[in-house]
Structures are given as C-alpha cells and as structure tokens.
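Engineer: Sequence first, predicted coordinates after that:
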Amino acid sequence: MEPRTLQDLVELDKTHECEGFGRDHICVRLVATAHLPSRFGDFQVVGFTNNKDGKEHAAFVHGDVVGQEDVPVRMHSECLTGDAIGSLRCDCRDQLESALQSLGKMERGILLYLRQEGRGIGLTNKIRAYALQDQGLDTVEANHALGFGDDERDYSVAAHMIASLRVKSVALMTNNPRKIQGLENMGIKISRRLAHIMKPNEFNAFYLQTKQQKSGHLLQEQGEHPES
C-alpha cells in the first residue's frame with residue numbers, strides 16, 4: 001500500500017536500507033514525526049538519522065507533501081550564531097524565519113534543517129574564519145586560508161530526505177545555483193526556483209556581496225524562475 005502520511009513513512013523506514021546517495025553513499029532513515037505548532041504556522045517536525053556520521057537532521061513540513069509535485073522546499077544549513085544568537089554577520093536567521101513564514105502561508109511546503117554548520121566546515125572553523133574576516137579577508141578568502149573550499153556542503157542528505165518524503169518534484173527556495181545542481185545531480189527533479197533574497201544590514205553587506213560576486217548567488221530582486 002502506498003504511504004499517505006508522514007507516520008506511514010516512519011513505519012516503512014524502520015527497516016530501510018539502500019545503496020545511499022552521493023559519493024559517500026549516505027543512507028538516511030526517517031525515524032520520528034510529531035505535530036509542531038509554531039509562530040510561523042502549523043508544521044509537522046520529522047527527524048532523520050544517517051549512516052555516515054550520526055548527525056540528526058530535521059524537516060519541518062506544512063500541509064500534505066507525500067507523493068506531491070512542485071512542493072516548495074527550503075534547504076537551510078545550521079547556523080548557531082545566526083539562527084540562535086541573532087548574529088548580524090550573516091543573513092541566516094533572516095532566511096530561516098522568512099522561509100518558515102512563507103511556507104506556513106502556502107498550501108504545502110518543507111524546510112530541511114541540515115546540520116552543516118559554517119557551510120560544512122563546522123562551528124570552530126567558522127569562528128576561525130570570522131577572525132580572519134576581522135583582519136580583512138572576505139568569506140571565500142578566509143575559507144581558503146583555512147584549507148577549505150568556499151563551500152564544503154554536500155547535499156546527499158537533503159536529496160535523500162526529499163526522496164524519503166516521497167516528494168516527486170521541488171520548487172526550490174534558493175538564490176544558490178549550486179543547490180539546484182547538487183540536488184539535480186542526485187536525481188531530484190527541480191520544477192522551478194523561488195527567489196529568497198534578504199535585505200542587507202551594515203554588518204553583512206560585504207558578506208552578501210561576496211556571495212554574489214564569488215559564489216554565484218542570485219541576489220538581484222527577481223520573482224519566480226523556472227529552471228531549464
């Protein structure tokens with residue numbers, strides 16, 4: 001019988017095993033779901049584990065997404081300093097809250113909360129990168145100085161989470177073309193892109209400019225864009 005609810009998927013995933021996604025063959029298992037009323041709307045929270053590093057990831061689901069097409073999805077990488085503390089050095093908290101507000105007003109949608117702090121370099125390395133930025137480097141230069149690429153994130157977990165939720169195609173809420181490419185490379189169908197642009201402040205304007213100029217982020221005021 002085809003699963004119809006998130007709880008159906010939890011039951012099915014109790015014995016889930018697969019070859020995994022991406023170069024590291026990451027296999028994700030959906031392990032729990034519960035009702036989560038929030039200041040942004042009514043959501044279901046879904047907990048996931050993976051076979052690589054034991055990190056736990058979450059999806060915040062609004063409405064009926066199982067088996068649906070063109071589901072609005074925001075992939076949000078964890079940012080302790082921004083999400084929890086309200087740092088003005090980035091736009092992460094603004095992106096998180098804006099995405100949840102938008103999804104909470106839609107018929108359906110998903111926010112994937114991924115444990116990839118500091119674009120995948122981890123919290124302490126992100127703080128080291130901040131210190132280098134205090135000395136005049138931009139975000140890309142700081143990452144390179146620490147021996148990392150400008151973005152070390154991997155979207156295998158996100159791709160598997162979307163597949164585990166039985167979503168047939170995604171309207172991806174992003175300004176980052178790499179996210180589109182990363183998901184498409186793992187077989188996720190992207191039906192369109194939803195622009196997700198935040199207003200800069202005096203502390204993150206240079207950070208956002210670097211995103212646009214060096215990392216290819218699409219930060220001009222634009223509406224929806226189908227992806228070919």
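Structural biologist: Received it, and whenever you're ready, just let me know what you need.
Engineer: Specify the local secondary structure of Glu69.
Structural biologist: Going by DSSP: H, G, I helix; E, B strand; the rest coil, the secondary structure assigned to Glu69 is coil.
Engineer: Quick check: it touching Lys168?
Structural biologist: Yes - assessed by C-beta atoms under 8 Å, Glu69 is found in contact with Lys168 at 4.5 Å. (Glycine included, C-beta is placed from N, CA and C.)
Engineer: When the two are compared, which one has more neighbours?
Structural biologist: Neighbours per residue, other C-beta atoms under 10 Å: of Glu69 and Lys168, the larger number sits with Lys168, 16 against 11.
Engineer: which residues touch the more buried one?
Structural biologist: Counting by C-beta atoms under 8 Å, 6 or more residues apart in numbering, Lys168 touches Gly67, Gln68, Glu69, Val71, Lys189.
Engineer: Other residues contacting stretch 92-104?
Structural biologist: 38, 40-43, 60, 62, 72, 74, 76-77, 79, 81-83, 86-87, 109-111, 173, 196, 198-199.
Engineer: Mind giving me the ChimeraX command for buried ones among those residues?
Structural biologist: Buried members of the contacts of stretch 92-104, identified by 16 or more other C-beta atoms under 10 Å, are gathered into one ChimeraX selection as follows:
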select :40,41,43,60,62,72,74,76,77,79,81,82,83,87,109,110,111,173,196,198
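Engineer: mind checking the SS state of the residue nearest to the spatial centre of the chain?
Structural biologist: Nearest to the geometric centre of the chain sits Met75, at 1.8 Å (C-alpha atoms, centre = their mean). Per three-state DSSP, the local secondary structure of Met75 is strand.
Engineer: I'd assumed Arg35 was in a strand, is it?
Structural biologist: Quick fix: residue 35 reads His, not Arg. Yes - under three-state DSSP, His35 falls within a strand.
Engineer: so it makes contact with Gln44?
Structural biologist: Yes - between His35 and Gln44 there is a contact at 6.1 Å, judged by C-beta under 8 Å.
Engineer: what about those two, which has more around it?
Structural biologist: Remark: of His35 and Gln44, Gln44 carries more neighbours, 18 against 8, as counted by other C-beta under 10 Å.
Engineer: Can you pull the phi/psi pair for the residue nearest to that one when sequence neighbours are not counted?
Structural biologist: Once flanking residues are discounted, Gln44 sits nearest to Val61: 4.5 Å by C-beta to C-beta, 6 or more residues apart in numbering. When read as degrees, to the nearest 10, the backbone of Val61 gives phi -110, psi 130.
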